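> Build me a model:
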Amino acid sequence: MASDFTTEVAFVEERGTNVERLLWGVVIVASAADVVLTLVGVSMCFSEANPVARAALDTAGGAGLMGLKLLALGALFVVYRRVRPAYRRAALTAFSLPQLFAVGHNSLLLVQYGPGCL
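Model (predicted):
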């Protein structure tokens, strides 16, 4: 009976790892898309609304924005490694949701107002 329980726990752990890999993928893709869409929008006629990101853009251009995003991802990684495994998915979700919102918002702005910028 104990071996069945161990097998079940191993299966749950493996499945949890797959969910976390998926969430990491969402975090990375959403972060990259946010940077790309921001750079496209700024190159057209839009301005960055986030004052910290705007300062990074003004100081170092796209490299500054990418550095800022990498710093945020590094902070997420530290949090991910330091919290209990039960909270890791919450940390990844909490980081990815604003990124996904920004991607959707930037996409809508580019589609709706981008042609008027050119």
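
> And A49, its phi and psi?
phi -80, psi -30 (degrees, to the nearest 10).

> can you give me the helices in this protein?
2-44, 51-82, 85-117 (DSSP state H).

> Redo those as JSON lines? Include mean pLDDT and mean neighbour count.
Every C-beta, even on glycine, is put in place using the N, C-alpha and C of the backbone. What follows is those, written out as JSON lines (pLDDT from 0 to 100; neighbours: other Cβ atoms under 10 Å):
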{"stretch": "helix 2-44", "mean pLDDT": "80", "mean neighbour count": "14"}
{"stretch": "helix 51-82", "mean pLDDT": "97", "mean neighbour count": "14"}
{"stretch": "helix 85-117", "mean pLDDT": "95", "mean neighbour count": "14"}
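
> how close does S107 get to Y87?
30 Å (Cβ to Cβ, to the nearest Å).

> actually A56, sorry about that
29 Å.
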